[in-house]
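1. Here's my sequence, what's the structure:
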Amino acid sequence: MQLYSKVIGEGKPFIILHGFLGMGDNWKTLGKEFSEKGFQVHLVDQRNHGRSPHTDEFSYELMAEDIKEYCEEKNLKDIILLGHSMGGKTAMKVATKYPDLIHNLIVVDIAPKYYEPHHQTILEGLTMLQDAELNSRGLADEKLEEYISEWGVRQFLLKNLYWKEKGKLALRMNLDILKEKVESVGKALEESDTFEKDTLFLSGGNSNYIRKEDRELIKSHFPKSNLVTIKDAGHWVHAEKPDDFFQIIMAFIDKFS
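-> Sure, this is the predicted structure:
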């Protein structure tokens with residue numbers, strides 16, 4: 001599968017994987033910052049998201065294969081791989097399946113455990129948008145507010161809108177399949193999946209995605225991992241505390257470069 005990506009800069013390859021219902025474009029600002037430190041940053045849209053192909057199949061096994069094929073197609077080796085939330089699960093799967101591909105792994109606010117589906121309200125709101133006749137982003141935001149009160153979350157989701165034709169907005173993601181496969185998004189890493197290289201787990205202090213009791217599980221899969229918590233940040237830690245986030249990641253990369 002030929003994934004869509006935006007590539008910024010030149011240097012050591014650095015792939016960033018977005019979360020559920022997101023797209024590579026969400027990482028444009030931080031991607032530019034990393035590129036200015038001598039990295040070739042690849043902001044990748046995962047399957048059924050953004051501008052990448054729509055398919056009826058959706059699993060972490062397949063998404064890991066997608067990244068491996070992407071690296072082969074672009075001739076990328078010894079990569080730094082960063083993933084947030086669902087992208088973090090994909091990144092973990094890539095690292096455990098294709099360890100020779102990875103130099104460093106960075107996982108943002110997700111653990112290798114099972115998560116129950118918890119996006120129902122968001123998916124209902126997006127379904128409403130998909131079925132509505134939308135001729136402005138303001139109208140879309142107004143309608144979505146009936147489901148989602150947080151302005152920041154709405155803006156994140158509304159990035160998926162594009163002009164399908166004159167006067168008509170549509171959603172880029174393959175919403176029907178993502179709704180159908182939502183159980184797969186929370187899937188745990190296989191018990192036997194391990195990665196022996198240096199790994200950074202980053203969590204938001206106000207987020208409940210990584211709990212204290214998850215540390216042992218993280219170490220069992222990633223024995224050379226370190227967990228750093230950024231205070232006063234939620235699940236979108238990179239958007240809420242971008243300076244802290246950037247500095248912690250650069251310190252990690254510099255240490256193991």
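2. Count the neighbours of the closest residue to residue 17 other than its chain neighbours for me.
-> Spatial nearest neighbour of residue 17, excluding adjacent residues (CB to CB, 6 or more residues apart in numbering): residue 87 at 3.1 Å. Quick note: C-beta positions are derived from backbone N, CA and C, even for glycine. Around residue 87 there are 29 other residues, counting by other CB atoms under 10 Å.
3. Next up, the contacts around residue 87.
-> Contact analysis of residue 87 by CB atoms under 8 Å, 6 or more residues apart in numbering lists 16-19, 22, 46, 108.
4. Counting only strands, which of those residues make the cut?
-> Within those, residues falling in strands by DSSP state E are 16-17, 108.
5. could I get those as TSV with distance to residue 100 and neighbour count?
-> Shown next, in TSV, are these (distance: CB to CB, whole Å; neighbours: other CB atoms under 10 Å):
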residue	distance to residue 100	neighbour count
16	20	28
17	19	29
108	23	28
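6. now, which of those sits nearest residue 222?
-> residue 108 (13.8 Å; CB to CB).
7. Next up, the contacts around that closest one.
-> 82-85, 87-88, 201-203, 237-238.
8. switch to 10 Å and redo it
-> Residues in contact with residue 108, defined by CB atoms under 10 Å, 6 or more residues apart in numbering, are 16-17, 19, 82-85, 87-88, 91, 200-204, 209-210, 230, 235-238, 245, 249.
9. Check residue 169 too.
-> 129, 132-137, 139-140, 158, 160-163.
10. Likewise for residue 185?
-> With CB under 10 Å, 6+ apart, residue 185 has these contacts: 19-21, 58-60, 85-86, 89, 115, 117-119, 178.
11. farthest-separated two in these?
-> 59 and 118 (18.9 Å).
12. Now stretch 11-26: average pLDDT?
-> Mean pLDDT, computed over stretch 11-26, is 97.
13. And it, end to end?
-> Length of stretch 11-26, first residue to last, CA to CA, to the nearest Å: 21 Å.
14. buried subset of the contacts of residue 185?
-> Among those, those classed as buried by 16 or more other CB atoms under 10 Å are 19-21, 58, 60, 85-86, 89, 119, 178.
15. Please, which helix or strand holds residue 96?
-> helix 86-97 (DSSP states H and E).
16. Let me see the contact set for the residue nearest to residue 69 when sequence neighbours are not counted.
-> Residue nearest to residue 69 in three dimensions, not counting chain neighbours: residue 1, with 6.7 Å by CB to CB, 6+ apart. By CB under 10 Å, 6+ apart, the contact list for residue 1 reads 46-47, 52-53, 55, 57, 62-63, 65-66, 69-70.
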